[in-house]
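Student: this is a predicted model, with the sequence first.
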Amino acid sequence: MIGWIYFLIIVCANTIGAISGMGGGVLIKPLFDLIDVHSVAAISFYSSVAVLTMSVVSTYKQTKNGIKINWSFALQISVGAMVGGLLGNNVFEKILALFPTGREVQLIQISLTVVTLLFSFLYSKKIWQNFTFDSYFLKIISGLLLGFLASLLGIGGGPINVALLMLLFNIPIKEATVYSIISIFFSQLSKVTTIFFTVDLNRYDLTILYYVIPAAIIGGFLGSFISGKVTDKRVNQIYQVVIILVLIINMYNGWSVY
């Protein structure tokens, strides 16, 4: 039964995540926390696998939709995201070792997620003016920060990806969603690969992946299809609504855990 509940959550979350560039995990993680069936480590793992799968499908479909991708820019962001994903997972495992019950880890994840959500929401209100940086170093550092947060928080991506890319490099929101998804792919690839080779997989119920992966594929296709049909304005509206929704869920989860 729980597998089918996860299936429905992932389809919906990844559809929205592919449209908005958030990656789905920003909804999957707090909703799985809310259901509270699996450990914080297992939830982070399932969320990462779902978002990794979605990012492959979404990137493929976006290129088919005619979105022009600057692969040089994407590569620079992705190199940073891959390193950041490794660092984020390493920090996550160290914190989990310090607090094996997972309660403190969950509170840290929720607190940092709320901070990134608030930053992203304020940015979406056009409080700050965009910059037009073109530094290779800054692109790599930006990817590293995004990959680190995505991996540490177990959300796969998050709204900060789109906001930061738009703020620093002055790119339209629909392009930012594509680069966000590409960076998510590399950060989660490094995280999931590290887990498979360095962590005892017995801590996870791997049969849940029979629900997670197909749901992620469906969500990625649906989100990419819808993204090709909607305007930048509509994407921004979806982005803002999701931020508010996830803020509410995370604050409730934080209150429950605390």
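Tutor: All right, it came through fine. Residues are numbered from 1 along each chain as shown.
Student: contact partners for residue 56?
Tutor: By C-beta atoms under 8 Å, 6 or more residues apart in numbering, residue 56 lies in contact with 185, 220. For the C-beta atoms, the positions are set from N, CA and C on the backbone; glycine is no exception.
Student: that one and residue 125, how far apart?
Tutor: When distance is defined by C-beta to C-beta, to the nearest Å, residue 56 is 32 Å away from residue 125.
Student: just residue 54 next, same as before
Tutor: Taken as C-beta to C-beta, the span from residue 54 to residue 125 is 27 Å.
Student: which of these two has more residues huddled nearby?
Tutor: Between residue 54 and residue 125, counted using other C-beta atoms under 10 Å, the more crowded position is residue 54 (36 against 8).
Student: tell me which residues in the helix or strand hosting the more buried one are buried?
Tutor: Using DSSP states H and E, residue 54 sits within helix 40-64. Neighbour counts over helix 40-64 (16 or more other C-beta atoms under 10 Å) mark 40-59, 61-62 as buried.
Student: what about the stretch 51-200 of the chain, any weak spots by pLDDT?
Tutor: Within the stretch 51-200 of the chain, the stretches with pLDDT under 70 are 156-158.
Student: and the helices in it?
Tutor: For the stretch 51-200 of the chain, the helices defined by DSSP state H, counting those that start in this stretch occupy 71-98, 103-124, 136-153, 159-169, 173-198.
Student: surely residue 168 and residue 134 touch.
Tutor: No: the criterion here is C-beta atoms under 8 Å, and residue 168 misses it with residue 134 at 9.9 Å.
Student: more neighbours: which of those two?
Tutor: Ranked by neighbour count (other C-beta under 10 Å), residue 168 and residue 134 place residue 168 first, with 18 against 11.
Student: identify the residue spatially nearest to residue 66, adjacent ones excluded.
Tutor: Spatially, and ignoring its direct neighbours in sequence, residue 66 is nearest to residue 228 (7.7 Å; C-beta to C-beta, 6 or more residues apart in numbering).
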